[in-house]
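Chemist: Give me the fold of what follows.
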Amino acid sequence: MKMLIIGGKRFLGIALVEALLQAGHTPTLFNRGLTNPELFPKVKQLTGDREKDLDVLKRRKWDAVIDTCGYLPRVVKQSAEFLSTRCEMYVYISSVSVYRNFANPDIDENYDLAQLEDPEDEDYTGPSYGSLKALCEYEIQQHFKGKVLVVRPGLIVGPNDPTDRFTYWPWRVSLGGNILAPAPPSSNLQFIDVRDLAAFIIKAIENQREGVYNAVGPKRPGNFGSLLVGCREAASSDANFVWVAEPFLLREEVAPWTELPLWVPSTDPVFSGFYNINNNKAVKDGLTFRPLSETVVDTLNWLKSLPKSKKLKVGLDPIKEAKLIKKYQDEIKS
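Modeler: Alright, predicted model coming up:
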């Protein structure tokens, strides 16, 4: 099959291209040529800004388009209309952030969607991200004449992750020593390896699936404890985990996600169901998951292949981490 990928040079896009080539399909990439320009030299590349340069796609046809970077409804509408006569299927990579909130567990594809309060708001880097993605879904469904497949991933992890949210833990554990971890170790986590997500998307296209899918990891792929133990085994590390109680972390103003990646405080009811999204529909139609150990090992190996000067975008400062551990242990003893 011939596939057009809008994007294709970051994280999921990289996994998609690699999986398409391995499956014998023919991908074409359309992007601005700014990110990782050295990747995939043998793959057809069309350079342009999707907001201004769609004409570069004229006189070409594909079996499907995979839109990995649609954030603004007006831009996505333009793409959907333009590609209606050039592609048989539009695959839109959305997000579980489209849901109104995560106050309830077991959220399925029919859960209420977020609403954009200000129709002029186009800041997709902030709180309006989910609302804008929901509107993008709507525009495609209204303006693309062929099959429409909407994929809503949750937390995506694995090699080439630009966020470092998952990557921080294999890296930190590989350094060994005392590691501050958010208690309890039984806290549920839900994430999906980027390669499993890519494989599901391609399988769905091959099987001509339509509609909306929550493409998230198993409801219980493990928990914080199993993740960190898996990281320790992968790195052959001497790491010792100091499980610090949530009240202490909140009192010391330790920031969820940025200083302690993946940690969602239980005191925030709006996110109580964030790691418990219903994926039954996707699993029924072919979504599978590799072992957690494989994701950890491959992520750590990828990180080791990067220049040593690279710094992670998230995670606790080592000095602050050591001070917090000491303060917490002193409080427990007193």
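Chemist: from here on, contacts and neighbour counts on C-alpha atoms
Modeler: Noted.
Chemist: how does this structure divide up, domain by domain?
Modeler: 2-153, 168-189+219-274+292-333 (automatic domain parsing).
Chemist: Can you tell me which of the ones you listed is nearest to Ile201?
Modeler: Among the domains of the chain, the nearest to Ile201 by CA to CA is domain 2-153 (7.8 Å).
Chemist: Could I get the average pLDDT for that closest one?
Modeler: Average pLDDT, domain 2-153: 96.
Chemist: Need the distance between the two termini of that domain.
Modeler: Domain 2-153 has its terminal residues 24 Å apart, counting by CA to CA, to the nearest Å.
Chemist: what's the answer for stretch 55-75, then?
Modeler: One end of stretch 55-75 to the other measures 14 Å (CA to CA).
Chemist: next structured bit after the one helix or strand Ser79 maps to?
Modeler: Applying DSSP states H and E as the criterion places Ser79 in helix 73-83. Remark: after helix 73-83, the chain's next helix or strand is strand 87-93, criterion DSSP H and E.
Chemist: what does whichever helix or strand comes after that following strand contact?
Modeler: Of the helices and strands lying after strand 87-93 in sequence (DSSP H and E), the nearest is helix 129-143. Under the contact criterion CA atoms under 8 Å, 6 or more residues apart in numbering, helix 129-143 has outside partners 70-74, 76-77, 80-81, 84, 90, 92, 94-99, 113-116, 122-124, 148, 150.
Chemist: try stretch 317-327
Modeler: Contacts of stretch 317-327 (CA under 8 Å, 6+ apart): Asn178, Ile179, Leu180, Val242, Val244, Glu259.
Chemist: still on that earlier bit, buried residues in the helix holding Ser79?
Modeler: Pro73, Arg74, Val76, Lys77, Gln78, Ser79, Ala80, Glu81, Phe82, Leu83 (16 or more other CA atoms under 10 Å).
Chemist: Same question for stretch 271-283.
Modeler: Residues of stretch 271-283 classed as buried: Phe271, Ser272, Gly273, Phe274, Tyr275, Asn276, Ile277, Asn278, Asn279, Asn280, Ala282, Val283 (neighbour count, 16+ other CA under 10 Å).
Chemist: just so I have it, where are all the strands in the chain?
Modeler: Per DSSP state E, the chain carries strands over the ranges 2-6, 26-31, 44-47, 62-67, 87-93, 147-153, 155-157, 178-182, 191-193, 211-215, 240-244.
Chemist: centre of the chain versus the fourth one, how much separation?
Modeler: If I follow you right, that is strand 62-67. 20 Å (CA atoms, centre = their mean, to the nearest Å).
Chemist: and that strand, what other elements does it pack with?
Modeler: Other helices and strands packing on strand 62-67, by 3 or more CA pairs under 8 Å, 6 or more residues apart in numbering; DSSP states H and E, are strand 2-6, strand 87-93.
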